[in-house]
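In: Give the three-dimensional model of this entry:
(chains A and B)
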Amino acid sequence: MPGTFEYFVWGLCTLLEAGVVVCAAKKGVLRKYLLLNIYMASSVIVTVLRFRILTSYGFHSVEYIYVYYYSDAVLTIFLYFALASLYAFVLSEIGAERFVRFATLLLLAATALVSYSIVQQYQTRLISRFVVELSQNLYFVGLVLTYVLWGAILKLRETRARLIQIVLSLGVYFSLFAADYALRNLYPSRSSIFISLQQVIGCFLPLAWAYAFWKLPEEARMSPSNLVAVPR
Amino acid sequence: MSRRLTVVLLGMLILVGAMGLKTVVVTHGDGSVIMANGGAPGPPTPWK
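Out: Got it, this is the predicted structure:
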């Protein structure tokens, strides 16, 4: 059962998610980064739904478990499309938006197919297992895609500071979850600490994106090669 | 046509890489699900 700390972090995270949409609207880039903002807005809506189910039925109830994992799958798909929109931004200069759309749908369909092939051996709760598997597989696809996108940014010498900040924060966000998962399995006796830490990590992405929308102007430029250059 | 095939190849490579990474991570895991969505407290996974 979540305690005061868990509720506090959850509330803070939701405020930051709403803050991303507000910052984007204030700076007039809500439409430009529409899919990113749809993801953040849907996170807020899902939080309200989850909180309502949690307070009505309890943490260990079947209702909360269903709502948590099904809504998580929907959010993961939204995050996947948000990531695809970042690809479209970066590859727009070489006129590859059409191929990005094609690759996005192809990869989503292939991931769904792989997820189904993994869970089809089970006789019961096939849809629920599929939803959890798809969510997890899309997380790993998103992780790899983010690093490939960072490679593309370096290769194409992308200079838009806001875009670089958004992509890098997404890479750090995915990596922090992976690190937390690894540490939880390395030190199972301290798993409760890492489970709490997972919630704190959840606040990183909205914080970084809110910063990117609020502080970095659209015309700001930077050289990404400076970020990876090793001083001699 | 060859551009589309290149996109398909890249997509499949990314999928293979992601599933390979997942296998490495989850094989040594405790059976819990690794997810990346917000700060909601995660319930146990009864379907894994």
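In: Now name the helix or strand holding residue B:35.
Out: Taking DSSP states H and E as the criterion, residue B:35 maps to no regular element, lying outside all helices and strands.
In: That should have said residue B:19, apologies.
Out: Mapping residue B:19 onto the secondary structure by DSSP H and E places it in helix B:2-27.
In: what does residue A:5 give?
Out: helix A:4-26.
In: go on, residue A:131?
Out: Residue A:131 belongs to helix A:126-155 when assigned by DSSP H and E.
In: can you pull the buried residues of that helix?
Out: Neighbour-count burial for helix A:126-155 flags A:128-146, A:149-150, A:152-153 (criterion: 16 or more other Cβ atoms under 10 Å in any protein chain shown). The way it works is simple: take the backbone N, C-alpha and C, and place the C-beta from them, glycine included.
In: These: which ones sit near chain B?
Out: Among the buried residues of helix A:126-155, proximity to chain B is found for A:128-129, A:132, A:135-137, A:139-145 (Cβ under 8 Å from any Cβ of the partner chain).
In: can you list these in JSON lines and add pLDDT?
Out: Compiled in JSON lines, those are given as follows (pLDDT from 0 to 100):
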{"residue": "A:128", "pLDDT": "90"}
{"residue": "A:129", "pLDDT": "91"}
{"residue": "A:132", "pLDDT": "91"}
{"residue": "A:135", "pLDDT": "92"}
{"residue": "A:136", "pLDDT": "91"}
{"residue": "A:137", "pLDDT": "93"}
{"residue": "A:139", "pLDDT": "93"}
{"residue": "A:140", "pLDDT": "93"}
{"residue": "A:141", "pLDDT": "95"}
{"residue": "A:142", "pLDDT": "95"}
{"residue": "A:143", "pLDDT": "94"}
{"residue": "A:144", "pLDDT": "95"}
{"residue": "A:145", "pLDDT": "96"}
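In: Please name the nearest non-neighbouring residue to the closest residue to chain B within chain A.
Out: Sorted by distance to chain B under Cβ to the nearest Cβ, the residues of chain A start with residue A:13, at 3.1 Å. Nearest-residue entry for residue A:13: residue B:39, 3.1 Å, with adjacent residues in sequence omitted and distances by Cβ to Cβ, 6 or more residues apart in numbering or on different chains.
In: No more questions from me, cheers.
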